[in-house]
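Visitor: this is a predicted model, with the sequence first.
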Amino acid sequence: MITHNFPQGVAFLGAEVDGTPLGLVASTLTVGVSLTPPLVSIAVQNSSTTWPTLRRAPELGISLLGTDQESLARQLASKDRSRRFAGVDPEVTAAGGLTIPDSSAFLWTRLYNEVEAGDHTIALLEILGTSNEDGPEALVFHRSAFKGMRTP
């Protein structure tokens, strides 16, 4: 499959819902979908048991994970929900958007629309705010492995 050869950033999409941290890891984040309103998209498997609850949150945080967060990415993507946030102290906005500290960059979003796409749902997310202070290099997924982006 061609996507195997295409490097993709690793993002964590999260929110606190009813006092419980929830989230999912995706390598399908697309930025620049629209400038007015500012939109990004993420593809979520229809089999996800997290998305049906997460999508109802008034705000969703997106953390672009860094190269030093590879093991954390695996933990946050674990099927064992009880261990996803073990040892993690996420930051949560007043509206519930959840982000992972020490990531490369952050976006705060809300669900704008959804589109069916085969075995996935494309979620269009409106950007409410961003932060990209000098964080670590971005973590990417390429050829079934996590890698960093090297700059010359």
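Guide: Nice, thanks for sending it over. Residues are numbered from 1 along each chain as shown.

Visitor: for the rest of this, base every contact and every neighbour count on C-alpha atoms.
Guide: Noted.

Visitor: what about residue 19, neighbour count?
Guide: 8 (other Cα atoms under 10 Å).

Visitor: the longest helix seen in the chain: which residues count as buried?
Guide: When the chain is parsed with DSSP state H, its longest helix is helix 70-76. Within helix 70-76, the residues that count as buried by 16 or more other Cα atoms under 10 Å are 70, 72, 73, 75, 76.

Visitor: do a quick rundown of the helices in the chain.
Guide: Using DSSP H, helices in the chain cover 51-54, 70-76.

Visitor: now render those helices as TSV, adding distance to residue 14 and mean pLDDT.
Guide: Formatted as TSV, the helices of the chain follow (distance: least, Cα to Cα, whole Å; pLDDT from 0 to 100):
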stretch	distance to residue 14	mean pLDDT
helix 51-54	7	95
helix 70-76	10	83
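
Visitor: would you list those in CSV and tack on distance to residue 130?
Guide: Putting those into CSV (distance: least, Cα to Cα, whole Å) gives the following:
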stretch, distance to residue 130
helix 51-54, 20
helix 70-76, 21
